[in-house]
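Asker: Coordinates for the following, if possible.
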Amino acid sequence: MTGPRPTRLDGHGEGPADTRLGRAARSVVEPLAHAVSHPGDVLGTSAEELAQEWESAAGDLLEAPPQRTRRRFSLDRLVRYAFYYLVATKLPRKRSPVGFLGRSARGWACAGLFDHLGEDTNVDKGVFFGSGAGVSLGDRSGIGVESLVLGTVTIGDDVMIGPRCVVVSHEHIYDDVSTPMNAQGMAPDLPVVIGNDVWLGVGVTLLPGTVIGDGAVVAAGGVVTGAVEPGVIVGGVPARPIGRRSPATRAGS
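Answerer: Here you go, the predicted structure:
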């Protein structure tokens, strides 16, 4: 069910992350990002054409050349890792009276574990992210209580991830019915990309290869795989479009 492992997205300027992206990956990412962040450029285009363009861009992204995140061992990473899982992850959640203690402690740990940690972020109580390698969290974004974020996951700016969400970029191989699934290993990594100003409700699951467009909403409990267009509200298992953001979408309006 899974294809070649695509390039991990980072998109946070020059340096090691920019080197990992490479020119080939940027040639795919930049046009897609422009289409998502500048919807005015495509005014007058039919909904069908926009959908086709989005699916094509997402498909190109998932077929990009494979890259691998490599993190050297360091004493600093070891200290932050131990501090996070032994202490910080158990401190009060953000919305508690002393939530600033937990938020600050977890932020310090994640700054040295994630590939990128933006300004004014929140990694809440009980979040599990393994070593943190491959995870990028944008400015003013937050990961909710007891969520799981594993693998190559790029989260944009102003993103709200609700409690107990699951975001993973890899899965088990299960194609061979003659071999137990737990003996078939893991499928190639398929990065997950979450755009800017996205809201994932409580208990949402994003499966490998998911691309969420800017301004999209995933309703509580939704299970998403593939591409979600910008500004669309999706929900269900599997998640399907159920609306589009507008002042009328709020309950009771």
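Asker: which intervals of the stretch 101-250 of the chain have sub-threshold pLDDT?
Answerer: Low-confidence segments of the stretch 101-250 of the chain (pLDDT under 70): 248-250.
Asker: So which residues of it form helices?
Answerer: Along the stretch 101-250 of the chain, counting by DSSP state H, counting those that start in this stretch, no stretch forms helices.
Asker: so what's the residue nearest to residue 182 when sequence neighbours are not counted bridging to?
Answerer: Of all residues not flanking residue 182 in the chain, residue 172 sits nearest, at 7.5 Å (Cβ to Cβ, 6 or more residues apart in numbering). Where you see a C-beta, it was placed from the backbone N, CA and C, and this is true even at glycine. Beta bridges link residue 172 to residue 186, judged by DSSP bridges.
Asker: Neighbours of residue 99, how many?
Answerer: The tally of other residues near residue 99 (other Cβ atoms under 10 Å) stands at 16.
Asker: tell me the contacts of it?
Answerer: The contact partners of residue 99, taken as Cβ atoms under 8 Å, 6 or more residues apart in numbering, are 92-93.
Asker: I'd like the distance between it and residue 91.
Answerer: According to Cβ to Cβ, to the nearest Å, residue 99 stands 9 Å off from residue 91.
Asker: again, but for residue 143
Answerer: From residue 143 to residue 91 the distance is 15 Å (Cβ to Cβ).
Asker: Then residue 136?
Answerer: 23 Å.
Asker: neighbour-wise, which of those two wins?
Answerer: The residue with more neighbours, out of residue 136 and residue 91, is residue 136; 24 against 17, by other Cβ under 10 Å.
Asker: distance of the closest residue to the more buried one other than its chain neighbours from residue 156?
Answerer: Spatial nearest neighbour of residue 136, chain neighbours left out: residue 116 (4.1 Å); criterion: Cβ to Cβ, 6+ apart. Here the criterion is Cβ to Cβ. By it, residue 116 lies 11 Å from residue 156.
Asker: same check, this time on residue 177
Answerer: 39 Å.
Asker: out of those two, which sits in the more crowded spot?
Answerer: residue 156 (25 against 7).
Asker: for that one, what are its contacts?
Answerer: 138, 141, 194-198, 214.
Asker: now do 7 Å
Answerer: 138, 141, 194-196, 198 (Cβ atoms under 7 Å, 6 or more residues apart in numbering).
Asker: Who wins on neighbours among those?
Answerer: residue 194 (27 neighbours).
Asker: tell me which residues form a beta bridge with it?
Answerer: Here residue 194, judged by DSSP bridges, has bridge partners residue 155, residue 212.
Asker: My read is that it contacts residue 158, right?
Answerer: No: with contact defined as Cβ atoms under 7 Å, residue 194 and residue 158 do not form a contacting pair (10.8 Å).
Asker: Surely residue 241 and residue 232 touch.
Answerer: Yes: the criterion here is Cβ under 7 Å, and residue 241 meets it with residue 232 at 5.2 Å.
Asker: higher neighbour count, these two?
Answerer: residue 232 (20 against 13).
Asker: what does stretch 112-121 rub up against?
Answerer: For stretch 112-121, contacts defined as Cβ under 7 Å, 6+ apart pick out 10, 12, 17, 69, 76-77, 80-81, 84, 107, 110-111, 131-142, 157.
Asker: Quote the end-to-end distance of it.
Answerer: 14 Å (Cα to Cα, to the nearest Å).
Asker: List the buried residues of stretch 129-136.
Answerer: 129, 132, 134-136 (16 or more other Cβ atoms under 10 Å).
Asker: For the closest residue to residue 135 other than its chain neighbours, grab the count of nearby residues.
Answerer: Distance criterion Cβ to Cβ, 6+ apart; nearest residue to residue 135, sequence neighbours excluded, is residue 114 at 4.7 Å. Per other Cβ under 10 Å, the neighbour tally for residue 114 reads 22.
Asker: For residue 78, see how far away residue 114 is.
Answerer: 15 Å.
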